[in-house]
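# sequence-free structure coming up:
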């Protein structure tokens, strides 16, 4: 009798931990694996891939559209074969963005009307996502500052600087990147799509600027039309010059 009762108690205590282990092992996240290349087939190594959380997964709600500016949940770098993998992603909808090292390719979330988007469920291991990046053209901008006004001391508005970038057709602004700073000024660049009408914006609250024709740029900035056609040489820089400070 005592032996039978002891066996029952042991069985009870053995079953409970085993059940608890099963509950603890439930998978609540997902993974995503894919590859990045140029639309011309070039493997893109060292690119930064980000998974931007667009919306939580709700069975009763319709799938929402891309939210490129959603919270970045995770980022990875593509390997020698252009491959990438995300793990431990929460269930939901993600927009996948790619920032290539090569300036010859376009950031898919900046210039694509339909950036890659995936919806992941708990425990899902999605593979085979292919992201092709279109080729672009490098827009070069030069700001000459022979007198060194941009090297002046910081003010209540911060260090002296010039804001330069591109406005898309929808009004989105993408700043150009500083690529060179020397004793005579600064050089900037940004990759833009070919055969597309865009607008270059330039402004500064710290220094006075003129364009290549000598026309002064107002304090609130100026806009210039920009277009790079595939049939011409687009390497020449758009030039500006610093003439003083405010």
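Cool, got the structure. Since the structure is predicted, the reported quantities are computational estimates derived from the model, not experimental observations.
# Am I right that residue 150 sits in a helix?
Yes: counting by DSSP: H, G, I helix; E, B strand; the rest coil, residue 150 is part of a helix.
# what's the spacing between it and residue 205?
Relative to residue 205, residue 150 is positioned 12 Å away (CB to CB, to the nearest Å). Quick note: C-beta positions are derived from backbone N, CA and C, even for glycine.
# same question, residue 171
Noted for residue 171: a distance of 21 Å to residue 205, by CB to CB.
# Compare neighbour counts for these two and give me the winner.
More neighbours surround residue 205 than the other of residue 171 and residue 205, with 15 against 7 (other CB atoms under 10 Å).
# hang on, isn't residue 82 packed against residue 44?
Yes: here residue 82 reaches residue 44: they are 5.4 Å apart, a contact under CB atoms under 8 Å.
# Just to be sure, residue 81 is in a helix?
No: going by three-state DSSP, the assignment for residue 81 is coil, not a helix.
# Spatially nearest residue to it, not counting backbone neighbours?
residue 43 (6.4 Å; CB to CB, 6 or more residues apart in numbering).
# Okay, residue 117 and residue 85: tell me how far apart.
Residue 117 sits 18 Å away from residue 85, taking CB to CB as the criterion.
# same question, residue 135
26 Å.
# Please apply the same query to residue 211.
Separation of residue 211 from residue 85 (CB to CB): 47 Å.
# how's the chain carved up into domains?
Domain segmentation of the chain under automatic domain parsing yields 30-133, 137-245.
# What ranges does the protein have for its helices?
2-24, 108-111 (DSSP state H).
# weakest of these in terms of mean pLDDT?
Set side by side, the helices of the chain give their lowest mean pLDDT on helix 2-24, at a mean of 47.
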